[in-house]
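# Make a model of this:
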Amino acid sequence: MADNEPEALPSLNALAQYIKDLSFENPNAPASLGPQAQGPNISISVNVNAKALSETDYEVELVLEGKAGDSPNVLFNFELVYAGIFRLQNVPQDHSAPVVMIECPRLLFPFARQIVADAVRNGGFPPLFIDPIDFAALYRERVNDLAGKEVAGQA
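You can find the predicted model right below:
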């Protein structure tokens, strides 16, 4: 690079976003739609998966699964796999994994959150607005889990 040429800045672009899988179940309707003695126990799990499509492009999946109520009185359950295609340019190789696993799902989350809220509302319940997710903490947890498994495998 010549001294007078500006250095290319890192960039992250969302090329596409889409629902890969969506499931909503209301197994005990219409009984589940009536008044409840107390609010349901709601559990939600979050996962992020990514795969390289090319040297610069990645498909990132944000997986949200949830359930309201306990067996056999489940009010509803859902699964959403919301994905996006992202292009990283001029991002150093050692920074690409955190960008893909933290920033990409952070960009997908508001859309996935709205899809879940609409599905729950369309299922006959008040919309479920999932609290913001700390994708950095989720990424650190995954890295620590993988490091622990590697150490255990070497022992």
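
# Would you mind confirming that L62 is in contact with L107?
No: when contacts are counted by Cβ atoms under 8 Å, L62 is not listed as touching L107 (9.5 Å). Heads up, the C-betas are built off the backbone N, CA and C, glycines and all.

# Give the residue from these two that has the larger number of neighbours.
L62 (26 against 16; other Cβ atoms under 10 Å).

# and E141, how many residues sit next to it?
11.

# And the closest residue to V60 other than its chain neighbours, how far from Q38?
Spatial nearest neighbour of V60, chain neighbours left out: C104 (4.1 Å); criterion: Cβ to Cβ, 6 or more residues apart in numbering. Applying Cβ to Cβ, to the nearest Å, the value for C104 to Q38 is 38 Å.

# Check the secondary structure at the residue nearest to V60 for me.
helix (DSSP: H, G, I helix; E, B strand; the rest coil).

# Could you measure from P98 over to A147?
Counting by Cβ to Cβ, the gap from P98 to A147 is 15 Å.

# So which residue is dead centre in the chain?
L62 (2.6 Å; Cα atoms, centre = their mean).

# List the beta-bridge partners for that residue.
Here L62 shows beta-bridge partners V48, Y82, assigned using DSSP bridges.

# Kindly report the same for the one 4 residues further on.
The partner list for G66 in beta bridges (DSSP bridges) reads I44, F78.

# okay, it: pLDDT?
pLDDT recorded at G66 is 96.

# isn't it right up against V74?
No: if you go by Cβ under 8 Å, G66 and V74 don't touch, sitting 10.9 Å apart.

# how many other residues sit next to the residue nearest to V60?
25.

# what do you get for R87?
15.

# Surely it is in a strand?
Yes: applying three-state DSSP, one finds R87 inside a strand.

# From here on, call the first residue 51.
From this message on, residue numbering opens at 51, which makes the last subject R137.
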